[in-house]
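Visitor: I'd like to go over a predicted model; first the sequence, then the structure.
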Amino acid sequence: MPEQLEQAEAELARLHEVTSAGDFYSGDRDVVAKTLEELQQQEAEVERLMERWVELEAMQG
């Protein structure tokens, strides 16, 4: 589980880096929309994994 969370967070960081580039929003609209959708999905995935991790930790404690 920690490995999955780390990978998801790394992908989220990569997408944040892409979308924070100065020229990102001046690029192709389809690419911008697709990337923003990926970012939103990745944020949801990180949140889901984090919640699951907390649940598992609570079960062990």
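Guide: Arrived safely. A quick note: this is a predicted structure, and the numbers were derived from the prediction, not measured. Residues are numbered from 1 along each chain as shown.
Visitor: for the top helix by length along the chain, name the packing helices and strands.
Guide: Counting residues, the longest helix found in the chain (DSSP state H) is helix 29-60. For helix 29-60, the elements it packs on are helix 2-19, judged by 3 or more Cβ pairs under 8 Å, 6 or more residues apart in numbering; DSSP states H and E. To be clear about C-beta, it is placed using only N, CA and C from the backbone, and glycine gets the same treatment.
Visitor: in the longest helix of the chain, what's buried?
Guide: 35, 38-39, 42, 45-46, 49 (16 or more other Cβ atoms under 10 Å).
Visitor: would you list these in TSV and tack on distance to residue 9?
Guide: TSV is the format used below for these (distance: Cβ to Cβ, whole Å):
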residue	distance to residue 9
35	17
38	14
39	13
42	9
45	10
46	6
49	9
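Visitor: about what we covered before: what angle do the longest helix of the chain and helix 2-19 make?
Guide: Between the axes of helix 29-60 and helix 2-19, defined by axes from the mean of the first three to the mean of the last three Cα atoms, to 10 degrees, the angle is 150 degrees.
Visitor: which SS state does residue 22 fall under?
Guide: Recorded secondary structure, residue 22: coil (DSSP: H, G, I helix; E, B strand; the rest coil).
Visitor: and for it, the neighbour number?
Guide: 6 (other Cβ atoms under 10 Å).
Visitor: please name the residues that touch it.
Guide: Not one residue lies near residue 22 by Cβ atoms under 8 Å, 6 or more residues apart in numbering.
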